[in-house]
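>>> Sharing a sequence plus its predicted fold:
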Amino acid sequence: MNEINGISASPGIAIGQAFLYLDDTPTIPRYKIEEWQIANEFERFTIAVDKALTELRGLQNDENGGEANQHELLDSHVLMLSDPELSSSIDARLRKNRLNVEWVLYRFIQEQTEKLQRAEDQYLRERTVDIHDVAKRVLNHLMFRERISLADLTQEVVLVAHELMPSDAIAMNKRMVKGIALDAGGKTSHTAILARAFEIPAVLGLSRISKLVSTGDEIIVDGNRGRVITHPDEKAKKRYVRVQREWRQREVELMGLNELPAETQDGKLLALKANIEVPEEVDALASHGADGVGLYRSEFLFLRGRGLPSENEQYQAYSQVLTALGDKPVTIRTLDLGGDKIAPVLGGFSEQNPILGWRAIRFCLTRVDLFKIQLRALLRASLHGDLRIMFPMISGVEELNRAYEILEEVKTELRSAGVEFREQIPVGIMIEVPSAAMTADILAHKVDFFSIGTNDLIQYTIAVDRGNEKIAYLYEPFHPGVLRLLKSVVDNAHEVGIPVGMCGEMAGDPLATVILLGLGIDEFSMSSVGIPEVKRIIRSVTVSEAEELFGTVMEMRSYQEVDTFVADVMQKRFDVKVY
Ligand code: PEP
Ligand code: MG
């Protein structure tokens, strides 16, 4: 038995068998071949292609073939592999380069994708992902690798991996993944956020768990304490079965609050809303007592499945959420792609510094074609509920002005086409870039609301990558620098008379609830699983007590001092569990 400490990323206990998910990008061997080997290499290629074709045809015949566009996609893969041009190009290159066929195929694919990426036509550019997929299938056969997809899991497992991309997490078969243990990642990485959204206990930042565990090993994930137990003995298993039962019991008790308002002892009513990533999450909102959706991360539509979501697909997704929420407000954030949210469908973009790079509103303001499609879908969906539109990663007025201009253009286009939409849709921005926080007084005049994205705001303020486990100790929501910045955003917004919400993970941290209330946050938005506990705390405090505690904290000089003080108060006075 071995106990390994990591970062608690999603609460709860999972006990089960490990499934080791290895990065499925194979390392391609490269070696010289003799002339007499050419025919042999070519034969290996044709056999691998045949196997890939058989596999694809099997998928085509599979009645549960999945999404509607799946068949079209499989057809296009079959066509690519059956193209005689492909085999003649490989044959010619084998003769010319005298290198092994895996390498020849790999280089050929690279050249083709580079060519496509330069294409004017967006449709052609987007085909690069299909070429990679098809090539990977053939390469796997050439290299005798099993192709494993997390979407195909048929047994309950605890997923163990070095790293899990948000696109993997969104595609996995959630019903079968009972727990997650990863070498990499931090508490506010998007994989952690998804684990919480799907209520899957998760521990990240375990450094070497993928080296210590094999598929089939017994493993316990303690998402509360941020600990993983490998090869547990009988005593440990019994203890964790008991902890799991108690944890579930507490959850059920807290759910009893779902009909009650988030009202302080002295009568201040707060809005507790949910963050969602996929429309299916709306089912969990009522049972957790959410007052609406405070953040719908629309970019996940681009990370799941295949193909760019069309205007109609987006319209359906947004309408589904708005309809389900009835008259409760729904804030949909426009695309925040980039950073760690790389959409395979856009071919992936390689950047030196993606977190500071071409993401969110920056991406949308250059890919106006995609942005307009999304805005059209949003405006059309606005007829189905109380929609608010929110722009991510705004760093200053220029970006905001441009985003408004495009929104107005889309409205004009819809009006002239006779398409109906709600004329009065509130528009807000995320405050998650320090320059926006520092110019909140200017920005506040131009929007209907702010929502503070602490995940990024802390990352950029302390210069600490939110997904990097090695420096996770620096990621400190109670850093005096962060607290001062938050205070000035709230004060500036209130001065102008607009509400300030918070939708970063700090809003769902029970240790922060009273401090945020004292700070003046009007609305908290979090993974729905966190709502009941935050509501319990709010219902047991007065605003004046919260303001006093916040005042005390603002006098402190280091985050360590604040952490110790807050943990003590929250544990003793508010019965918050501190692990
Ligand atoms: C944030 O940055 O706090 C936020 C809510 O957005 P995301 O986590 O999607 O970057
Ligand atoms: Mg963000």
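Nice, thanks for sending it over. Ligands and ions are numbered 1, 2, ... in the order given.
>>> What values do phi and psi take at Ile13?
Backbone torsions for Ile13, taken as degrees, to the nearest 10, come to phi -120, psi 130.
>>> Quickly note the distance from it to ligand 1.
Note on Ile13: its distance to ligand 1, by Cβ to the nearest ligand atom, to the nearest Å, is 25 Å. No exception for glycine: its C-beta is placed from N, CA and C like everyone else's.
>>> ok, that residue - contacts?
Applying Cβ atoms under 8 Å, 6 or more residues apart in numbering to Ile13 gives the contacts 179, 201, 220-224, 240, 243-244, 247.
>>> If we use 6 Å, what do you get?
201, 222, 240, 243-244, 247 (Cβ atoms under 6 Å, 6 or more residues apart in numbering).
>>> Please identify which of those is nearest to Arg362.
Taking Cβ to Cβ as the measure, Arg362 lies nearest Pro201 of the contacts of Ile13, at 34.7 Å.
>>> show me where the stretch 201-350 of the chain has helices.
In the stretch 201-350 of the chain, the helices defined using DSSP state H, counting those that start in this stretch lie at 209-212, 234-255, 285-288, 300-303, 311-325.
>>> list the helices and strands the first one packs on?
So the one you mean is helix 209-212. On a contact count with 3 or more Cβ pairs under 6 Å, 6 or more residues apart in numbering; DSSP states H and E, helix 209-212 meets strand 157-161.
>>> Likewise for the longest one?
With contacts defined as 3+ Cβ pairs under 6 Å, 6+ apart, helix 234-255 has these neighbours: strand 13-21, helix 531-538.
>>> Report the angle between the longest one and strand 157-161.
Orientation check (axes from the mean of the first three to the mean of the last three Cα atoms, to 10 degrees): strand 13-21 against strand 157-161 gives 50 degrees.
>>> in its sheet, what does strand 13-21 sit against?
Note on strand 13-21: by DSSP bridges, its sheet partners are strand 157-161 (parallel), strand 218-222 (antiparallel).
>>> which parts of this structure sit against ligand 2?
Listed as neighbours of ligand 2 in the chain under the rule Cβ under 5 Å from the ion: 432, 453, 456.
>>> Next, count neighbours for the second one.
The number of residues packed around Gly453, counting by other Cβ atoms under 10 Å, is 30.
>>> these two touch, right, it and Glu505?
No: using Cβ atoms under 6 Å, Gly453 makes no contact with Glu505, being 9.5 Å away.
>>> follow-up on the earlier one: now, the residues of the chain next to ligand 2 that are in helices?
Residues of those located in helices (DSSP state H): Asp456.
>>> residue of the stretch 151-300 of the chain with the smallest distance to ligand 1?
Across the stretch 151-300 of the chain, no residue is closer to ligand 1 than Arg297, which sits at 5.3 Å (Cβ to the nearest ligand atom).
>>> how about the closest residue to that residue other than its chain neighbours, what does it touch?
Closest residue in space to Arg297, ignoring its immediate chain neighbours: Glu277 at 4.9 Å, by Cβ to Cβ, 6 or more residues apart in numbering. Neighbouring residues of Glu277 by Cβ under 6 Å, 6+ apart: 197, 297, 300.
>>> Please tell me the pLDDT value assigned to the first one.
The one in question is Ala197. At Ala197, the model reports a pLDDT of 93.
>>> thought it was touching Ser527?
Yes: taking contacts as Cβ under 6 Å, Ala197 lies within contact range of Ser527: 5.4 Å.
>>> Which residues of the stretch 351-500 of the chain lie near ligand 1?
Counting by Cβ under 6 Å from any ligand atom, the residues of the stretch 351-500 of the chain lying close to ligand 1 are 432, 453-456.
>>> now the chain
Contacts of the chain with ligand 1, taken as Cβ under 6 Å from any ligand atom, map to 295, 297, 336, 432, 453-456, 503-504.
>>> By neighbours, which of the residues you listed wins?
Counting neighbours by other Cβ under 10 Å, Gly453 leads the residues of the chain next to ligand 1 with 30 neighbours.
>>> ok so, going back, can I get the strands paired with strand 13-21 in a markdown table with mean neighbour count?
Listed next are those as a markdown table, based on neighbours: other Cβ atoms under 10 Å:
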| stretch | mean neighbour count |
| --- | --- |
| strand 157-161 | 26 |
| strand 218-222 | 26 |
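>>> Same list (those) but as TSV, adding mean pLDDT and distance to Trp103.
Below are the strands paired with strand 13-21 laid out as TSV (pLDDT from 0 to 100; distance: least, Cβ to Cβ, whole Å):
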stretch	mean pLDDT	distance to Trp103
strand 157-161	96	27
strand 218-222	97	38
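>>> just to revisit the earlier point, I'd like the distance from the residue of the stretch 151-300 of the chain closest to ligand 1 to Ser287, if you could.
Arg297 is 21 Å from Ser287, where distance means Cβ to Cβ, to the nearest Å.
>>> same check, this time on Asp168
Distance from Asp168 to Ser287, by Cβ to Cβ: 27 Å.
>>> So for these two, which residue has more residues nearby?
Legend: neighbour count by other Cβ under 10 Å for Asp168 and Ser287, higher for Asp168 (20 against 12).
>>> ok, and the closest non-adjacent residue to Ala290?
In space, and not counting its chain neighbours, Ala290 is closest to Ala274: 4.0 Å by Cβ to Cβ, 6+ apart.
>>> from memory that neighbour sits against Ala284, does it?
No: with contacts counted by Cβ under 6 Å, Ala274 stays clear of Ala284, the gap being 7.9 Å.
>>> Quick check: neighbours shared by the two?
With contacts taken as Cβ under 6 Å, 6+ apart, Ala274 and Ala284 have Ser528 as neighbours in common.
>>> which one of those two has more residues nearby?
Neighbour count, other Cβ under 10 Å: between Ala274 and Ala284, Ala274 has more, with 30 against 18.
>>> Show me what the more buried one is bridged to.
Ala274 forms beta bridges with Val293, Met526, as assigned by DSSP bridges.
>>> In stretch 237-257, which residues are buried?
240, 243-244, 247, 251, 254, 257 (16 or more other Cβ atoms under 10 Å).
>>> Could you identify the most distant pair in those?
Maximum pairwise distance among the buried residues of stretch 237-257 (Cβ to Cβ): 26.7 Å, between Tyr240 and Leu257.
>>> how about Leu159, what does it touch?
Leu159 touches 19, 21, 177, 180, counting by Cβ under 6 Å, 6+ apart.
>>> Would you mind giving those residues as a markdown table with pLDDT and neighbour count added?
Putting the contacts of Leu159 into a markdown table (pLDDT from 0 to 100; neighbours: other Cβ atoms under 10 Å) gives the following:
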| residue | pLDDT | neighbour count |
| --- | --- | --- |
| Phe19 | 94 | 24 |
| Tyr21 | 90 | 24 |
| Val177 | 97 | 23 |
| Ile180 | 98 | 31 |
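>>> Any stretches of the stretch 1-150 of the chain with poor pLDDT?
By pLDDT under 70, the low-scoring segments of the stretch 1-150 of the chain are 23-27, 62-70, 126, 144-148.
>>> how does it look with 50?
Under the criterion pLDDT under 50, the flagged ranges of the stretch 1-150 of the chain are 63-68, 147.
>>> go on, the chain?
Judged by pLDDT under 50, the chain has its weakly predicted residues at 63-68, 147.
>>> where's Gly501 relative to Gly357, distance?
Using Cβ to Cβ, Gly501 is found at 26 Å from Gly357.
>>> So for the two, which residue has more residues nearby?
Gly501 (25 against 14).
>>> From what I see, that one and Ser451 are in contact.
Yes: taking contacts as Cβ under 6 Å, Gly501 lies within contact range of Ser451: 4.3 Å.
>>> got the buried residues for the helix or strand containing Ala52?
According to DSSP states H and E, Ala52 maps onto helix 38-61. Of all the residues in helix 38-61, those buried under the rule 16+ other Cβ under 10 Å are 41-42, 44-45, 48-49, 52-53, 56, 59.
>>> Run through the neighbouring helices and strands of it.
With contacts taken as 3+ Cβ pairs under 6 Å, 6+ apart, helix 38-61 sits against helix 70-82, helix 84-97, helix 101-117, helix 128-142.
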